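[1] What follows is a predicted structure for the sequence shown.
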Amino acid sequence: AAAQVAAGATLLADPLLLGSLAGICGVVATIAGAAWNGPGADDADFEKAFGGKVVWITGASSGIGEALVYAFHKAGARVVLSARRVSELERVRDACVRESG
């Protein structure tokens, strides 16, 4: 299957917009946790919840964001990556593409 990973850079300067995005990300994380049934849930449940869905991950170039990219990609989600460091986004994207190989 072709990798469904896109890399791009997002630069935001408006503090109100950043605060809104942080709130939205918190809500999305809560929904994702509920849909996944939390730690220890069966991988099949995660794949059922997110397979074929489009998932946008901010901060995807490192840390928790990078780990989420790999988890959602493995589950069959179409993953959209955004962060400030384009070279790191490309590294994460390339790792997903190799995994799909």
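    Okay, I see it.
[2] Flag every buried residue along stretch 61-77.
    Buried residues in stretch 61-77, counted by 16 or more other C-beta atoms under 10 Å: 61, 65-66, 68-69, 71-77. Just so you know, the C-beta spots here come from the backbone N, C-alpha and C atoms, and that holds for glycine as well.
[3] now stretch 86-101
    Neighbour count says stretch 86-101 has 88-89, 92-93, 95-96 buried, by 16+ other C-beta under 10 Å.
[4] Of those residues, which is the nearest to Lys53?
    Cys96 (15.6 Å; C-beta to C-beta).
[5] Which other helices and strands does the one helix or strand that closest one maps to contact?
    Taking DSSP states H and E as the criterion, Cys96 maps to helix 86-100. On a contact count with 3 or more C-beta pairs under 8 Å, 6 or more residues apart in numbering; DSSP states H and E, helix 86-100 meets strand 5-9, helix 63-74, strand 78-83.
[6] Would you mind pulling up the elements that the longest one packs against?
    When contacts are defined as 3+ C-beta pairs under 8 Å, 6+ apart, helix 63-74 packs onto helix 43-50, strand 54-58, strand 78-83, helix 86-100.
[7] got a markdown table for those, with mean pLDDT too?
    Compiled in a markdown table, the helices and strands packed on helix 63-74 are given as follows (pLDDT from 0 to 100):
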| stretch | mean pLDDT |
| --- | --- |
| helix 43-50 | 79 |
| strand 54-58 | 90 |
| strand 78-83 | 90 |
| helix 86-100 | 90 |
